[in-house]
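In: All I have is the shape, not the residue letters:
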């Protein structure tokens, strides 16, 4: 009977030892029949499980879940666990049944990646930035063409987080310092790129040739202990022959002058049509920055100058040039943004810094694709705003736009107002539309 009862024979022995089960040869206890039946049933069930085909629906669900996880498509519960934040850059708000709303996004303390926000005018992008500034406790620089973020958040940020507040125009920044006073070749090339914007010209060779003038100005300023950027802007507002003669008075600058004039002395400058065209491009682009000379090239340090350790102090810098002004001063804004990012990359301590750029195409930060790929390790988070995908393609081209999309791990898309943006959304996320309150 023990063999027939199988594993249940142990229970039989326990019951006998406890005196709960008694039997004799003449009067056997029939409980063994029940235990034997249970043993047979268990054996049948085990065999059924081992030999039966798995549920195809369950297998498909598991396979689909693995594919979605490999593609980064997590379940709502997993998304909430990974992206729930108390401080940082908000992406969305979710409200679970019977629970309070939770904010998802890039966490201030440990979040990684940059964010792109795409939406037409009056879609709510401004309110998104407002919420972010009220929950980001660290240093931040904000391009705010409408001035609405300054009005909404400057006082509240100072009250909540305590850092100083700066505003351009109004405050000042020693731009030349962040570009190594134009004495470093790479720094000179980058500042020239931002200020002269050679990619906007069909004949960029004239803008490129004027780099020699930047080098000459740097050497002249070094000898005379002047701000090289102020020297540059004054050169663009002066007679070319007088400028070239003055630069030739400094030996280190003379070689750059002759490189610009193709070996001619300043007096014969007008005989070189290539040089005159290049100088014309130089003055056309820089002359518009002359009225901002005290903002980007102050004569001395003062309380209005943004300190070099602004990020360590948890400062907030608002750049509030209007959209109309950005058409003429966009190069200055781009140069300032790039300068402050370059400075943070060089710092041993990697403070968390937010760079929020509203109306990115209007600012024209041309090498934003390079920054997206390099600044994340320095504690910098870029928050970029644009109205339509066509704006990005006009400035950065198809490949540059694709690079921006690829390097912004976090994306917020508002309902588009143009078919091209809608098409890109469909390519990225599918064609099913489901309204979700946010």
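Out: Happy to help now that I have it. Predicted model only: the values in this text are computed from it and were never measured. Numbers count the residues shown, from 1 in each chain.
In: can you list the weak-confidence ranges in the chain?
Out: Confidence mapping of the chain against pLDDT under 70 gives the ranges 1-17, 19-40, 48-50, 52-55, 71-77, 79-81, 95-99, 431-438.
In: can I see the domain layout of it?
Out: Here the domain parsing of the chain from automatic domain parsing is 2-51, 57-102, 109-171+306-429, 181-293.
In: I'd like those as TSV, with distance to residue 300 and mean neighbour count appended.
Out: C-beta coordinates here come from the backbone N, C-alpha and C atoms, glycine included. As requested, the domains of the chain are exported to TSV (distance: least, CB to CB, whole Å; neighbours: other CB atoms under 10 Å):
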stretch	distance to residue 300	mean neighbour count
domain 2-51	85	12
domain 57-102	37	13
domain 109-171+306-429	14	18
domain 181-293	10	18
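In: so can I have a markdown table of the ones you listed showing distance to residue 299?
Out: Converted to a markdown table, the domains of the chain look like this (distance: least, CB to CB, whole Å):
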| stretch | distance to residue 299 |
| --- | --- |
| domain 2-51 | 86 |
| domain 57-102 | 38 |
| domain 109-171+306-429 | 15 |
| domain 181-293 | 7 |
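In: Quick check: closest non-adjacent residue to the residue minimising distance to the centre of the chain.
Out: Closest to where the C-alpha atoms of the chain average out (CA atoms, centre = their mean) is residue 382, at 2.3 Å. Using CB to CB, 6 or more residues apart in numbering and skipping the chain neighbours, the partner closest in space to residue 382 is residue 114 (4.1 Å).
In: who touches that neighbour in this structure?
Out: Listed by CB atoms under 8 Å, 6 or more residues apart in numbering, the contact partners of residue 114 are 372, 376, 381, 382, 383, 384, 407, 408, 409, 410.
In: thinking the last one is in contact with residue 115, fair?
Out: What it means is residue 410. Yes. Contact status for residue 410 versus residue 115: in contact at 4.1 Å, counting by CB atoms under 8 Å.
In: Which residues are in contact with each of the two?
Out: 89, 91, 105, 106.
In: Make sure I have this right: the last one is in a helix.
Out: The one in question is residue 106. No. Applying DSSP: H, G, I helix; E, B strand; the rest coil, one finds residue 106 to be strand, outside a helix.
In: Leaving out chain neighbours, which residue sits closest to it?
Out: residue 89 (4.1 Å).
In: List the residues that contact the one you found.
Out: 105, 106, 108, 111, 115, 132, 136, 354, 381, 383, 410.
In: 10 Å - rerun?
Out: By CB atoms under 10 Å, 6 or more residues apart in numbering, residue 89 lies in contact with 103, 105-108, 111, 113-115, 117, 128-129, 131-133, 135-136, 354, 356, 381-383, 410, 412.
In: That one in helix, strand or coil?
Out: Note that with three-state DSSP, the state of residue 89 is strand.
In: What separation do you get for the closest residue to residue 90 other than its chain neighbours and residue 390?
Out: Leaving aside its chain neighbours, residue 90 sits nearest to residue 105 (4.4 Å; criterion: CB to CB, 6+ apart). Applying CB to CB, to the nearest Å, the value for residue 105 to residue 390 is 26 Å.
In: just residue 138 next, same as before
Out: 33 Å.
In: Residue 180 too?
Out: Computed as CB to CB, the residue 180 to residue 390 distance reads 37 Å.
In: what's the answer for residue 60, then?
Out: Counting by CB to CB, the gap between residue 60 and residue 390 amounts to 40 Å.
In: and if you look at residue 90?
Out: 26 Å.
In: do residue 281 as well
Out: 28 Å.
In: Next, work out how far apart the nearest residue to residue 119 once chain neighbours are set aside and residue 422 are.
Out: For residue 119, ignoring the flanking residues on the chain, the nearest one in space by CB to CB, 6+ apart is residue 414 at 2.9 Å. According to CB to CB, residue 414 and residue 422 sit 11 Å apart.
In: cool, and residue 335?
Out: For residue 335, the distance to residue 422 - CB to CB - is 34 Å.
In: cool, and residue 131?
Out: 25 Å.
In: got it, and residue 246?
Out: Counting by CB to CB, the gap from residue 246 to residue 422 is 57 Å.
In: just residue 322 next, same as before
Out: Per CB to CB, residue 322 is found 29 Å from residue 422.
In: how far does the host helix or strand of residue 325 sit from the chain's center?
Out: In the assignment (DSSP states H and E), residue 325 maps to helix 323-346. How far helix 323-346 lies from its chain's middle: 15 Å, per CA atoms, centre = their mean, to the nearest Å.
In: Could you do stretch 356-370 as well?
Out: 10 Å.
In: now stretch 144-163
Out: 20 Å.
In: likewise stretch 359-371?
Out: Offset of stretch 359-371 from its chain centre (CA atoms, centre = their mean): 11 Å.
In: for stretch 342-361, same thing?
Out: That offset, for stretch 342-361, works out to 9 Å (CA atoms, centre = their mean).
In: Look at it and report the distance between its end residues.
Out: Distance across stretch 342-361, first residue to last, is 20 Å (CA to CA, to the nearest Å).
In: Same check on stretch 124-143?
Out: 17 Å.
In: secondary structure element for residue 214?
Out: Assigned by DSSP H and E, residue 214 falls in helix 211-224.
In: Beyond that helix, next helix or strand please.
Out: helix 228-235.
In: Quick one: list the elements packing against that following helix.
Out: Secondary structure elements in contact with helix 228-235, counted by 3 or more CB pairs under 10 Å, 6 or more residues apart in numbering; DSSP states H and E, are helix 175-178, helix 185-196, helix 211-224, helix 240-248, helix 273-287, helix 293-296.
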